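Engineer: below is the sequence, then the predicted model.
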Amino acid sequence: MRNLVYIFLGGGFGSIMRFLISNYTHKLWNINSFPMGTFVVNISGCFLIGILSAYFLKVDNSLKYLLITGLCGGYTTFSTFSAENFSLWQNGNYGILILYALLSLIIGVSMVFTGFQIVRN
């Protein structure tokens, strides 16, 4: 039951962080129709989950439910990412769609790797 409470609390906090960071980023960097807010949240979320995953391989405790499952699960926005890609496709913004999807995937995986390596080493 404690782990479920951790997930609940982390998910709520992560969702609030996602909302605030995404909105602030979008206001700061409004680049055509490129969804910069979600992009920044996804990339930073990938980095964070890399760091936390590496840490909790060394130190296995219940905080992984709060921070990985809850916080990162509430913070990252793959469903929003998918909906935005669909919208870009519907609006005929194929170049932005391809750029956004490829950058998110390539940089996201790279950030998970980098975060993991920083903690592992």
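Structural biologist: Arrived safely. Numbering: from 1, shown residues only.

Engineer: name the helix or strand for N61, please.
Structural biologist: Assigned by DSSP states H and E, N61 belongs to no helix or strand.

Engineer: same question for F81.
Structural biologist: Here F81 is assigned to helix 78-90, by DSSP H and E.

Engineer: can you check what angle separates the following helix or strand past that helix from helix 78-90?
Structural biologist: Toward the C-terminal end, the helix or strand that comes next after helix 78-90 (DSSP H and E) is helix 94-120. Put simply, helix 94-120 runs at 160 degrees to helix 78-90, going by axes from the mean of the first three to the mean of the last three C-alpha atoms, to 10 degrees.

Engineer: flag every buried residue along helix 94-120.
Structural biologist: 96-97, 100-101, 104, 107-108, 111-112, 115-116 (16 or more other C-beta atoms under 10 Å). All C-beta spots, glycine's among them, are computed from the backbone N, C-alpha and C.

Engineer: just the closest of the residues you listed to A54, please.
Structural biologist: If you rank the buried residues of helix 94-120 by distance to A54 using C-beta to C-beta, F116 comes first, at 4.3 Å.

Engineer: and that closest one, what does it touch?
Structural biologist: 50-51, 53-54 (C-beta atoms under 8 Å, 6 or more residues apart in numbering).

Engineer: so which of those are in helices?
Structural biologist: Among the contacts of F116, DSSP state H puts 50-51, 53-54 in helices.

Engineer: quick check, nearest of these to S87?
Structural biologist: S87 lies nearest to G50 out of the ones in helices among the contacts of F116, by C-beta to C-beta, at 28.2 Å.

Engineer: who's in contact with that closest one?
Structural biologist: Counted by C-beta under 8 Å, 6+ apart, G50 has contacts 111-119.

Engineer: give me the pLDDT for it.
Structural biologist: On pLDDT, G50 comes in at 93.

Engineer: all good on my end, thank you.
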